[in-house]
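Colleague: dropping a prediction and its sequence here:
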Amino acid sequence: METRVALIGIVVENFDMTEKINDILHDYRQYIIGRMGLPYAKRKVAVISVVLDAPQNVASALSGKLGMLEGVSCKTIYSSIFGEKDD
């Protein structure tokens, strides 16, 4: 299976979506290398970075599901290097 390393940047403005975000990320756990969340109380948002090694269609699906949540924005960037994921 051809994969790419990708970074999904997520900005959460609606904290009621936290559980849904975590549920979606849990569904994609096999592709997640790591994640980091930073609350920014001054602006009343949280910023989450998720690093994946996944097929591009999987990364796009994850980003799309997250972006459809109310008060959640996300963007994905991909490495230019393709490879095979070891299981």
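Modeller: Alright, I've got the coordinates.
Colleague: quick one: average pLDDT of stretch 57-65?
Modeller: Averaged over stretch 57-65, pLDDT sits at 97.
Colleague: what does it rub up against?
Modeller: 4, 6, 8, 24-25, 28, 31, 50, 52, 54, 74-76, 78 (CB atoms under 8 Å, 6 or more residues apart in numbering). (C-beta placed from N, C-alpha, C; glycine too.)
Colleague: the same query, at a cut-off of 6 Å, please.
Modeller: Stretch 57-65 is contacted by residues Ala6, Ile8, Ile24, Tyr28, Tyr31, Leu52, Cys74, Thr76 when judged by CB atoms under 6 Å, 6 or more residues apart in numbering.
Colleague: any idea which of these is closest to Thr18?
Modeller: Taking CB to CB as the measure, Thr18 lies nearest Ile24 of the contacts of stretch 57-65, at 11.0 Å.
Colleague: and stretch 38-54, what's buried?
Modeller: For stretch 38-54, the neighbour count (16 or more other CB atoms under 10 Å) marks Val45, Ala46, Ile48, Val50, Leu52, Asp53, Ala54 as buried.
Colleague: with adjacent residues omitted, what lies nearest to the second one?
Modeller: Using CB to CB, 6 or more residues apart in numbering and skipping residues adjacent in sequence, the residue nearest Ala46 is Val12, 4.4 Å away.
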